[in-house]
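Novice: Have a look; sequence and predicted model below, questions after that.
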Amino acid sequence: MRTKTLIVAVVAVLMTIGTVQADVFNLGGVRNPATGAWTGVASLSTVPVGNPGNAADMRYNTVYDLAHGAYGRPEGYGAVSYAYNIGKYEVTAGQYTAFLNAVAKTDAYALYNTDMANTSYGSGITQSGPSGNYAYAVDAAFINRPVNYVSWGDAARFANWLSNSQPTTGVQNASTTERGVYTLDGAVTDAALMAVSVPSAATRATWASGTTSKWLLTSEDEWYKAAYSRGGSTNAGYWDYPTGTNTGPGQNMADPSGNNANHLAPPYTNPMCTTVVGRFQNSPSPYGTFDQGGNVWEWNERNFVGSARGMRGGSFNEHLEVAFFDGGQPSSENTTIGFRVSQVPEPASMSLLALGGIGMLFRRRGLRG
């Protein structure tokens with residue numbers, strides 16, 4: 001699928017982006033299509049997910065865990081009634097650093113976790129200066145790797161910031177992170193984050209036919225459709241893995257046949273745990289996303305039995321299984337958790353776009369649902 005970005009420009013590889021402007025759509029990076037290597041900082045790119053009104057995947061909707069309540073959704077997974085865009089890649093450390101420099105000079109709601117600074121299992125993001133004048137920079141090796149150590153609340157605040165046109169006020173308030181698609185108003189505890197309302201499918205469909213573009217965390221159905229749908233029609237069916245196959249992925253970055261991912265299986269080893277987004281360049285989903293299997297778990301909006309938010313896709317620390325999902329306390333931050341965003345696009349903007357666990361509540365690995 002065609003990538004949608006606002007602009008592509010060639011720049012030198014940056015050692016840090018502590019002083020980069022906050023426009024995460026215009027970070028100036030380019031990818032070598034032959035090697036998958038980035039030059040500069042990856043811009044936030046999206047791919048379109050069409051075929052609205054597609055049928056749900058009903059194969060894995062009746063799996064239950066009696067100890068924690070039902071996981072399965074009787075209505076199935078992946079049915080979306082509107083067209084939308086989804087992040088081609090997971091949100092990167094470079095993009096998140098731009099966000100921190102814009103709104104976390106005084107980090108009122110702990111968008112930064114000191115473990116992010118680690119270059120063995122973190123994101124390579126460092127914080128310097130006193131509170132009120134914090135500045136953030138990212139190690140060159142991590143600029144285009146997914147950010148980790150982000151809570152569900154952190155991810156929702158990033159989405160609000162995008163919807164608010166990425167203001168650079170240096171504070172976290174209603175005009176930057178606390179209002180937007182999600183009304184957070186200082187929510188940081190598990191109970192407060194679980195109480196945050198998420199827009200319904202009907203609301204999203206209304207936005208899709210309107211004139212205002214919204215940035216969101218993915219709904220579970222948006223995430224599932226982009227990862228597993230065979231695409232092409234509303235009744236195309238679904239794959240078991242987000243690399244367009246029913247065969248478990250390998251780990252060969254250069255394999256021209258595709259079906260590879262960053263997950264725990266020999267012979268692949270990675271001293272920095274995560275890999276550059278899209279590094280497995282021959283292994284996109286049918287809609288053109290990368291790393292929806294492995295690399296890091298990705299938060300979504302699902303509410304699990306009132307006490308956990310949903311995650312999908314698995315991580316570098318686990319062997320991928322069919323239709324992989326998980327759930328965690330929304331304040332959880334650890335080395336295996338990141339996120340990607342979705343967009344209900346503004347119709348007038350489409351032509352422009354075309355130019356351009358720690359704290360885990362529970363885990364049930366390999367559930368088919």
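Specialist: On my side now, so go ahead. Residues are numbered from 1 along each chain as shown.
Novice: Which element, helix or strand, includes the closest residue to Thr168 other than its chain neighbours?
Specialist: Of all residues not flanking Thr168 in the chain, Ala102 sits nearest, at 4.5 Å (C-beta to C-beta, 6 or more residues apart in numbering). The way it works is simple: take the backbone N, C-alpha and C, and place the C-beta from them, glycine included. Element membership for Ala102, per DSSP states H and E: helix 93-103.
Novice: Same check on Gly248?
Specialist: Here Gly248 sits in a region with no helix or strand, counting by DSSP H and E.
Novice: Please report how far it lies from Leu184.
Specialist: 38 Å (C-beta to C-beta, to the nearest Å).
Novice: where along the stretch 51-200 of the chain do the helices fall?
Specialist: Assignment of helices within the stretch 51-200 of the chain using DSSP state H, counting those that start in this stretch yields the ranges 93-103, 152-163, 190-194.
Novice: so what does the longest one touch, helix or strand wise?
Specialist: Judged by 3 or more C-beta pairs under 8 Å, 6 or more residues apart in numbering; DSSP states H and E, the packing partners of helix 152-163 are helix 93-103, helix 190-194, strand 214-217, strand 341-344.
Novice: where does the protein have low pLDDT?
Specialist: Along the chain, segments meeting pLDDT under 70 span 1-22, 62-71, 265-272, 346-369.
Novice: Quick one: distance of the strand ranked longest in it to the chain centre.
Specialist: As assigned by DSSP state E, the longest strand anywhere in the chain is strand 297-304. Centroid separation for strand 297-304 versus its chain: 10 Å, with C-alpha atoms, centre = their mean, to the nearest Å.
Novice: pull the CA atoms of stretch 184-195 into CSV?
Specialist: What follows is stretch 184-195, C-alpha atoms only, in CSV (Å, rounded to 0.1, in the frame of the first residue of the first chain):
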residue,chain,number,x,y,z
LEU,A,184,-7.6,12.9,30.9
ASP,A,185,-7.4,16.0,33.2
GLY,A,186,-4.5,14.6,35.2
ALA,A,187,-5.5,11.0,35.2
VAL,A,188,-2.4,8.8,36.1
THR,A,189,-3.7,6.1,38.4
ASP,A,190,-5.1,2.8,37.0
ALA,A,191,-8.6,3.6,38.2
ALA,A,192,-8.5,7.1,36.7
LEU,A,193,-7.1,5.8,33.4
MET,A,194,-9.7,3.0,33.2
ALA,A,195,-12.4,5.6,33.6
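Novice: residue contacts, the nearest residue to Arg230 once chain neighbours are set aside?
Specialist: In space, and not counting its chain neighbours, Arg230 is closest to Ala236: 3.9 Å by C-beta to C-beta, 6+ apart. By C-beta atoms under 8 Å, 6 or more residues apart in numbering, the contact list for Ala236 reads Asn51, Asn54, Ser229, Arg230.
Novice: Asn85 reaches Val341, doesn't it?
Specialist: No. Assessed by C-beta atoms under 8 Å, Asn85 is found out of contact with Val341, at 9.1 Å.
Novice: I figured Asn260 hits Gln251, correct?
Specialist: Yes. The pair Asn260 and Gln251 qualifies as a contact (C-beta under 8 Å) at a distance of 5.6 Å.
Novice: just to revisit the earlier point, by contact count, what packs against the longest strand of the chain?
Specialist: Judged by 3+ C-beta pairs under 8 Å, 6+ apart, strand 297-304 is in contact with strand 214-217, helix 220-228, strand 308-312, strand 325-328, strand 337-338.
Novice: Output the contacting helices and strands for the shortest one.
Specialist: I take that to be strand 337-338. Partner elements for strand 337-338 (3+ C-beta pairs under 8 Å, 6+ apart): strand 297-304.
Novice: all strands of the stretch 1-150 of the chain, in order?
Specialist: Assigned by DSSP state E, counting those that start in this stretch, the strands in the stretch 1-150 of the chain fall at 30-31, 38-39, 46-49, 64-65, 69-70, 84-87, 125-128, 135-138.
Novice: Tell me which other helices or strands the third one touches.
Specialist: Okay, so that is strand 46-49. So strand 46-49, by 3+ C-beta pairs under 8 Å, 6+ apart, packs with strand 84-87, helix 220-228.
Novice: now the last one
Specialist: Using 3+ C-beta pairs under 8 Å, 6+ apart as the contact definition, the elements that strand 135-138 packs against are helix 93-103, strand 125-128.
Novice: Can you add mean neighbour count and distance to Gly36 and give those back as JSON lines?
Specialist: As requested, the helices and strands packed on strand 135-138 are arranged in JSON lines below (neighbours: other C-beta atoms under 10 Å; distance: least, C-beta to C-beta, whole Å):
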{"stretch": "helix 93-103", "mean neighbour count": "27", "distance to Gly36": "16"}
{"stretch": "strand 125-128", "mean neighbour count": "20", "distance to Gly36": "23"}
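Novice: Please name whichever of the ones you listed is nearest to Gln292.
Specialist: helix 93-103 (17.5 Å; C-beta to C-beta).
Novice: Output that closest one in CSV with nothing but the alpha carbons.
Specialist: C-alpha atoms of helix 93-103 as CSV (Å, rounded to 0.1, in the frame of the first residue of the first chain):
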residue,chain,number,x,y,z
ALA,A,93,11.8,7.2,20.2
GLY,A,94,12.6,10.2,18.0
GLN,A,95,8.9,11.1,17.6
TYR,A,96,8.3,10.7,21.4
THR,A,97,11.4,12.9,22.1
ALA,A,98,9.9,15.7,20.0
PHE,A,99,6.7,15.3,22.0
LEU,A,100,8.6,15.5,25.3
ASN,A,101,10.5,18.6,24.2
ALA,A,102,7.2,20.2,23.3
VAL,A,103,5.2,19.5,26.5
